[in-house]
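> A predicted structure for the sequence below; I have some questions about it.
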Amino acid sequence: MPHKFEIHKDKKGEFRVRFKYNSEVMFSSEGYASKSSAMSAIESFKKNGPGAQIEDNS
């Protein structure tokens with residue numbers, strides 16, 4: 001599968017979510033105090049992401 005979510009700990013010890021496609025980071029989340037909060041963020045991305053609007057601020 002060329003795309004995946006990753007949870008990692010940053011230098012501050014917070015959990016962050018990265019979404020990768022073909023090993024390239026497409027986005028990274030804010031820091032979360034717990035791994036379960038990071039997992040909840042992933043579930044929210046999966047649930048709410050497909051219907052998200054595109055806002056062009058260029």
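On my side now, so go ahead.
> so which residues of the chain form strands?
Taking DSSP state E as the test, the strands found in the chain are 3-9, 15-21, 24-28.
> which of the ones you listed sits most buried?
strand 15-21 (a mean of 17; mean count of other Cβ atoms under 10 Å). Glycine gets a C-beta too; all of them are placed from N, C-alpha and C.
> out of the strands of the chain, which comes closest to S34?
strand 15-21 (6.7 Å; Cβ to Cβ).
> on that earlier part again, just put the strands of the chain in JSON lines and tack on distance to G49.
Compiled in JSON lines, the strands of the chain are given as follows (distance: least, Cβ to Cβ, whole Å):
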{"stretch": "strand 3-9", "distance to G49": "11"}
{"stretch": "strand 15-21", "distance to G49": "9"}
{"stretch": "strand 24-28", "distance to G49": "10"}
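> which stretch among those comes nearest K47?
So among these, strand 3-9 is nearest, using Cβ to Cβ, at 13.0 Å.
> and the angle from that closest one to strand 15-21?
Strand 3-9 and strand 15-21 are oriented at 160 degrees to each other (axes from the mean of the first three to the mean of the last three Cα atoms, to 10 degrees).
> can I get strand 3-9 in PDB, CA atoms only?
C-alpha atoms of strand 3-9 as PDB (Å, rounded to 0.1, in the frame of the first residue of the first chain):
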ATOM      1  CA  HIS A   3      -0.100   5.400   1.600                       C
ATOM      2  CA  LYS A   4      -0.200   5.100   5.400                       C
ATOM      3  CA  PHE A   5      -0.600   7.000   8.700                       C
ATOM      4  CA  GLU A   6       2.300   7.000  11.100                       C
ATOM      5  CA  ILE A   7       2.300   7.900  14.800                       C
ATOM      6  CA  HIS A   8       5.600   9.200  16.100                       C
ATOM      7  CA  LYS A   9       7.000  11.000  19.200                       C
END
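> give the rounded mean pLDDT of that strand.
Mean pLDDT, computed over strand 3-9, is 96.
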